[in-house]
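output the structure for:
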Amino acid sequence: MQNGDLRIISDDYYVVKAKHTNRALHRHEGYEAFYVISGECDHILVTANTEKTQRLSSGNFIVLDNTVSHRFKNGNSDFCVINFLFKHDFIFSDSNFLSMITDNNGFLNVMNFDSDKTFLPLFEKAYFAFKKNGQVNRELAKCYAKEIILQLIQGSDFKEKPRLGVSDKIATYAQEHFSEPITLSKICNELHYSLPYVSRKFKQDYLITFEKFLQNVRIEHACMLLLNTDMSVNEVALAVSYSDTDAFRKIFSLKTGKTPTQFRLNH
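Here you go, the predicted structure:
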């Protein structure tokens, strides 16, 4: 069985929109997730012992590991996918995490259909984050990659769920209350968690501190307000819980590489 050329991922990750109407058999050093956003195409998936052909159409998606090869052929003119390639340690600090859960439940290398459009926004947001570049967008892409994997696990029959319950609750709280003057200490008191434990666990699961995560959430929402409203920079700062506009401008510039005004004009 032909194994295909090995394509090395030189960076931690990259995301691209591509028309793979005909592409040679290949595999990647890391993981490849692709989502069909339009058209139809044949997809050939090759393992050590089998080869199967799948007909792809809009809404199909899959996450491939480095044990399989694949190719595209006979795609029609409007066939287009979002390709999301990433190394394991880009999203998971534990080098055995994906292999551990795959041993228990084979959700990788399995074609899926996004019936309720849960996954499409994750792929699209990862693509736009990659195009914009910058540290904040890198962190956002990392979150989207992790959510794609975790959503697949949650939707499978995997019995031993990853132990991210506490961290997920904290992250959800931050996303719902980012406009308020919250702190990790305040959240832990409200949810009756131990602050040292949660601080350590959150960094372990999300690979950044809670403070950095909250900063990213606030700056992401600030970006959306700058692009989609006529609010002044001062008003945007207050809307994402920065009472000090100068501090907001400094953090925004550090995260995006542009001042809020430059960001609004350039986009």
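
what ranges do the strands span in the chain?
Ranges of strands in the chain, per DSSP state E, are 5-7, 13-18, 23-28, 31-38, 40-46, 51-57, 60-64, 69-73, 80-86, 112-113.

with distance to Asn133, mean neighbour count and mean pLDDT as extra columns, can I get the ones you listed in JSON lines?
To be clear about C-beta, it is placed using only N, CA and C from the backbone, and glycine gets the same treatment. Listed next are those as JSON lines, based on distance: least, Cβ to Cβ, whole Å; neighbours: other Cβ atoms under 10 Å; pLDDT from 0 to 100:
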{"stretch": "strand 5-7", "distance to Asn133": "22", "mean neighbour count": "12", "mean pLDDT": "71"}
{"stretch": "strand 13-18", "distance to Asn133": "11", "mean neighbour count": "16", "mean pLDDT": "90"}
{"stretch": "strand 23-28", "distance to Asn133": "22", "mean neighbour count": "16", "mean pLDDT": "84"}
{"stretch": "strand 31-38", "distance to Asn133": "20", "mean neighbour count": "22", "mean pLDDT": "92"}
{"stretch": "strand 40-46", "distance to Asn133": "29", "mean neighbour count": "18", "mean pLDDT": "90"}
{"stretch": "strand 51-57", "distance to Asn133": "29", "mean neighbour count": "13", "mean pLDDT": "87"}
{"stretch": "strand 60-64", "distance to Asn133": "24", "mean neighbour count": "21", "mean pLDDT": "91"}
{"stretch": "strand 69-73", "distance to Asn133": "27", "mean neighbour count": "20", "mean pLDDT": "90"}
{"stretch": "strand 80-86", "distance to Asn133": "15", "mean neighbour count": "22", "mean pLDDT": "93"}
{"stretch": "strand 112-113", "distance to Asn133": "29", "mean neighbour count": "14", "mean pLDDT": "86"}
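
now tabulate those strands in JSON lines and tack on distance to Thr229.
Listed next are the strands of the chain as JSON lines, based on distance: least, Cβ to Cβ, whole Å:
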{"stretch": "strand 5-7", "distance to Thr229": "42"}
{"stretch": "strand 13-18", "distance to Thr229": "27"}
{"stretch": "strand 23-28", "distance to Thr229": "40"}
{"stretch": "strand 31-38", "distance to Thr229": "28"}
{"stretch": "strand 40-46", "distance to Thr229": "39"}
{"stretch": "strand 51-57", "distance to Thr229": "37"}
{"stretch": "strand 60-64", "distance to Thr229": "32"}
{"stretch": "strand 69-73", "distance to Thr229": "41"}
{"stretch": "strand 80-86", "distance to Thr229": "28"}
{"stretch": "strand 112-113", "distance to Thr229": "36"}
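
pretty sure Phe34 contacts Ile82?
Yes - with contacts counted by Cβ atoms under 8 Å, Phe34 reaches Ile82, the gap being 6.6 Å.

contacting residues for Arg23?
The neighbourhood of Arg23, defined by Cβ atoms under 8 Å, 6 or more residues apart in numbering, consists of 71-73.
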